[in-house]
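J.: What shape does this take:
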Amino acid sequence: MPTSTSERPYLLVLGMGYCAARFVQRHRSLFGRIAATTRRMDKGAGLIAGGIDAFQFDGQPSQGLVVAAAEASHVLVSIPPGEKGDPALAALRPLLRANKALTWIGYLSTTGVYGDHHGKWIDEDTPVAPANERSKRRAEAEEAWRVLATETRAVQIFRLSGIYGPGRNPLADIKAGEARRIAKPGQVFNRIHVDDIAQVLAAAVKKPNAGPVFNLADDEPAPSEEVVAFAAKLLGREPPPLVPLAEAGLSEMAQTFWSENKRVRARRIQTELGVDLLYPTYREGLLALMSEGEGG
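T.: Okay, here's the model as predicted:
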């Protein structure tokens, strides 16, 4: 049945990845019903076992997904765009536009859409200037979802910095023997703990104001080698040796990541959503992960 405003919200997650799964895990009580898409139904079986309606999605929506898109009150989008554009929007836009119960769409994007700013500070008012194809596709997808906002008055854009959290952090990399300390003088990155992403999304669900862009970034952009060294110290290990960027043998995707240097401010999460970061720097985040057993 369609969701009415008197019922608990119905969340449809388009792409149950790392961030979306953590959001659902931490804030499931916000919703009366949850559905999600997955590329593989072996993963879908786990979602179903957890009480989540799962639909396989490879660009063509199943009948179940069609119904969910027509009835959901909240939609979280974490499927990245491809060379042909945003697959979720291409498949579901008419359904979302016609959905009278829809009150909020959250689109997970990246701070990569700002391009390179040579280490200078930027914020949500900085114009996008994507410098590689992946970021250009993200910026185009943002705009396409923003156009939908003129029809639904429900879309918010969340631009994420480097994501870390349980199972995905320098502590785990060091333990696995996969951590590297790459040196590039003057290079810094912002980061964001996945639980801070989750709390921002929860706050946004409660304030479905259409239109704003929110940066999600910590308060202290820092060199990658500094963060890895801090993680090694927490573990009581020697940090990996420094490797010059030119000798690191990075993939093409990683090279584009390292080619951009900026310091990101995330003002609106506090001023418009009232969110204070749980982990304002990598130190608090890694210390918390250590206490949760990541270093064991």
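J.: If we go by neighbour counts, what in the helix or strand bottoming out on mean pLDDT in the chain is buried?
T.: Ranked by mean pLDDT, DSSP states H and E, the weakest helix or strand in the chain is helix 41-49, scoring a mean of 75. The neighbour-count check on helix 41-49 (16 or more other CB atoms under 10 Å) flags G44, L47 as buried. In this view, the C-beta of every residue, glycine as well, is placed from N, C-alpha and C.
J.: What lies in contact with stretch 145-160?
T.: The contact list for stretch 145-160 (CB atoms under 8 Å, 6 or more residues apart in numbering) reads 19, 77, 86, 89, 93, 96-97, 99, 102-111, 113-114, 124, 142, 192, 197, 200-201, 204, 208-216.
J.: Show me what the least confident helix or strand of the chain packs onto, helices and strands only.
T.: Judged by 3 or more CB pairs under 8 Å, 6 or more residues apart in numbering; DSSP states H and E, helix 41-49 is in contact with strand 33-38, strand 53-56.
J.: Quick one: distance of the longest one to the chain centre.
T.: Strand 33-38 sits 17 Å away from the centroid of its parent chain (CA atoms, centre = their mean, to the nearest Å).
J.: partner strands of that strand, parallel or antiparallel?
T.: strand 10-14 (parallel), strand 53-56 (parallel) (DSSP bridges).
J.: picking up where we left off before, how about residues contacting the least confident helix or strand of the chain?
T.: Applying CB under 8 Å, 6+ apart, the contact partners of helix 41-49 are M16, A36, T38, D53, A54, F55, Q56.
J.: which one of the residues you listed sits closest to Q63?
T.: Checking the contacts of helix 41-49 against Q63 with CB to CB, the nearest one is F55 at 9.0 Å.
J.: Just to check, the closest one is in contact with G64?
T.: Yes: the criterion here is CB atoms under 8 Å, and F55 meets it with G64 at 4.9 Å.
J.: Common neighbours of those two, please.
T.: Applying CB under 8 Å, 6+ apart, one finds that F55 and G64 are jointly contacted by A35.
J.: who's more crowded, these two?
T.: Between F55 and G64, counted using other CB atoms under 10 Å, the more crowded position is F55 (22 against 14).
J.: If the more buried one is in a bridge, with which residues?
T.: Counting by DSSP bridges, F55 is bridged to T37.
J.: Please spell out the segments of this structure that come in under the pLDDT threshold.
T.: 1-6, 210, 296 (pLDDT under 70).
J.: re earlier: could you dump the strands paired with strand 33-38 into a markdown table and include distance to F230?
T.: Shown next, in a markdown table, are the strands paired with strand 33-38 (distance: least, CB to CB, whole Å):
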| stretch | distance to F230 |
| --- | --- |
| strand 10-14 | 33 |
| strand 53-56 | 38 |
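J.: OK, contacts around A129?
T.: Applying CB under 8 Å, 6+ apart, the residues near A129 are V113, Y114, G115.
J.: The longest helix along the chain: which residues count as buried?
T.: The longest helix of the chain (DSSP state H) is helix 133-152. Burial within helix 133-152, assessed by neighbour count using 16+ other CB under 10 Å, is assigned to 134-139, 141-142, 144-146, 148-149, 152.
J.: Can you show me the strands along the stretch 51-200 of the chain?
T.: 53-56, 74-77, 104-110, 121-122, 155-160, 162-164, 181-183, 191-193 (DSSP state E, counting those that start in this stretch).
J.: Point out the most buried one among these.
T.: Each of those was scored by mean neighbour count; the highest is strand 191-193, a mean of 27, by mean count of other CB atoms under 10 Å.
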